[in-house]
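J.: Fold the following and give me the result.
(one chain, ligands or ions: 2)
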Amino acid sequence: MFMRVDQLQANLPKPKKADPNAAAALQELLGGKFGEMSTLNNYMFQSFNFREKEKLRPFYSLVAGITAEELGHVELVTNGVNLLASGPDPDRGQDVTKGPYEDMSSMRSAANFLHAGGAAMVADSNFQPWNGSNVFSTGNLVLDTLHNFFLECGARMHKLRVYETLAADNATGREVCGYLLVRGAVHAHSYALSLEKLTGVAMKNMLPVPNIPTDKIPECQKYLDEGSHRRLYRFGSDDYAEMGAIWGNGEQALPGDPPGELEVIEGMPDPGKIPDLKGAAGAFTPEYEPEEIYEIASMLTKKM
Ligand code: MN
Ligand code: MN
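T.: Residues are numbered from 1 along each chain as shown. Ligands and ions are numbered 1, 2, ... in the order given. Below is the predicted model:
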């Protein structure tokens, strides 16, 4: 089962202005073939379908543990899209007869407004819906792990390309990419180590693929400085400690990253605040005149 924590895995700076086209680029990291919906669902179904969980505890714990982190990545990218997809600026008021969202008709991400009211969709950067054929779960441990290694490498490629499309002052989108580039490197490294233990092939010598210079990406620095590239998390659960048999046991950070031993952390990453998205009357989110439902919610919590 899953436990839910009302926090993000990183703090996202608020954008100075809405940027629906940047939100459309970020959609690739959410619902693209190599996006967070794909990593989440691959590891989730592989862990549900895993055979011989007790005999193969370190390998099961690794893919089960990373599943929980990926669910938080879906949440992080979604919040990044939500912060950027509202708009466009300036606010044209709420009179529905005056075309308050006229500008959205020409946005690449029109569906972010037309369907979702200025928020994320489970789709890629071209608004093709994510679908289950992106999940590879054969039950063969080496093959599934090899797929996960490839998936994490591909995901980093796409994160870098999205980063490259973002304006230098798009702090929100760049933070999403910076954090996920560091975490994606951890996951690629962890599946490389898993394959090494299983096959004896020195997979980690191949990394990083592609050779992304995270030391030159400003948004990656604080995560590298705090040692995020050496950590996997158990999110406060007593379970899944056996992943330390793969991610630990004296294994070290990759050459080129700040040095140190790999470690499994009992807790979770330093939490970030979930942005509180403001309602927009003209888009009827959460309602055209929401005062009555605000009052209902306030009365409900007063009774607690
Ligand atoms: Mn991820
Ligand atoms: Mn990952």
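
J.: rest of the way, CA atoms for contacts and neighbours
T.: Will do.

J.: quick one, helices of the protein?
T.: Applying DSSP state H to the chain gives helices spanning 20-31, 36-49, 57-85, 110-114, 141-165, 171-199, 218-225, 291-302.

J.: Redo these as a markdown table? Include distance to residue 236, mean pLDDT and mean neighbour count.
T.: Listed next are the helices of the chain as a markdown table, based on distance: least, C-alpha to C-alpha, whole Å; pLDDT from 0 to 100; neighbours: other C-alpha atoms under 10 Å:
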| stretch | distance to residue 236 | mean pLDDT | mean neighbour count |
| --- | --- | --- | --- |
| helix 20-31 | 26 | 97 | 27 |
| helix 36-49 | 19 | 98 | 22 |
| helix 57-85 | 11 | 98 | 23 |
| helix 110-114 | 35 | 91 | 20 |
| helix 141-165 | 25 | 98 | 20 |
| helix 171-199 | 19 | 98 | 23 |
| helix 218-225 | 20 | 98 | 16 |
| helix 291-302 | 28 | 96 | 10 |
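
J.: got CSV for the ones you listed, with distance to residue 266 too?
T.: CSV is the format used below for these (distance: least, C-alpha to C-alpha, whole Å):
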stretch, distance to residue 266
helix 20-31, 27
helix 36-49, 20
helix 57-85, 11
helix 110-114, 37
helix 141-165, 23
helix 171-199, 16
helix 218-225, 18
helix 291-302, 33
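
J.: Distance of the spatially most central residue of the chain relative to residue 177?
T.: The residue lying closest to the centre of the chain (C-alpha atoms, centre = their mean) is residue 73, at 2.3 Å. Separation of residue 73 from residue 177 (C-alpha to C-alpha, to the nearest Å) stands at 11 Å.

J.: next one: residue 254
T.: 20 Å.

J.: same thing with residue 168?
T.: Residue 168 is 13 Å from residue 177, by C-alpha to C-alpha.

J.: What of residue 193?
T.: 24 Å.

J.: Over to residue 72?
T.: 14 Å.

J.: Over to residue 133?
T.: Here residue 133 is placed at a distance of 25 Å from residue 177 (C-alpha to C-alpha).

J.: likewise residue 146?
T.: For residue 146, the distance to residue 177 (C-alpha to C-alpha) stands at 24 Å.

J.: And residue 281, by the same measure?
T.: 31 Å.

J.: for residue 45, same thing?
T.: Distance of residue 45 to residue 177, given as C-alpha to C-alpha: 25 Å.

J.: Quick check: most distant residue from the centroid of the protein.
T.: Distance from the C-alpha centroid of the chain peaks at residue 97, with 38.2 Å (C-alpha atoms, centre = their mean).

J.: Relative to residue 271, which of the helices of the chain is closest?
T.: helix 57-85 (10.9 Å; C-alpha to C-alpha).

J.: how much does that closest one deviate in direction from helix 20-31?
T.: Orientation check (axes from the mean of the first three to the mean of the last three C-alpha atoms, to 10 degrees): helix 57-85 against helix 20-31 gives 160 degrees.

J.: Now do helix 57-85: which elements does it pack against?
T.: helix 20-31, helix 36-49, helix 171-199, strand 231-233 (3 or more C-alpha pairs under 8 Å, 6 or more residues apart in numbering; DSSP states H and E).

J.: switch to 6 Å and redo it
T.: helix 20-31, helix 36-49 (3 or more C-alpha pairs under 6 Å, 6 or more residues apart in numbering; DSSP states H and E).

J.: next one: that helix to chain centre, how far?
T.: Mean-position distance between helix 57-85 and its chain equals 5 Å (C-alpha atoms, centre = their mean, to the nearest Å).

J.: same thing with stretch 43-52?
T.: Mean-position distance between stretch 43-52 and its chain equals 20 Å (C-alpha atoms, centre = their mean).
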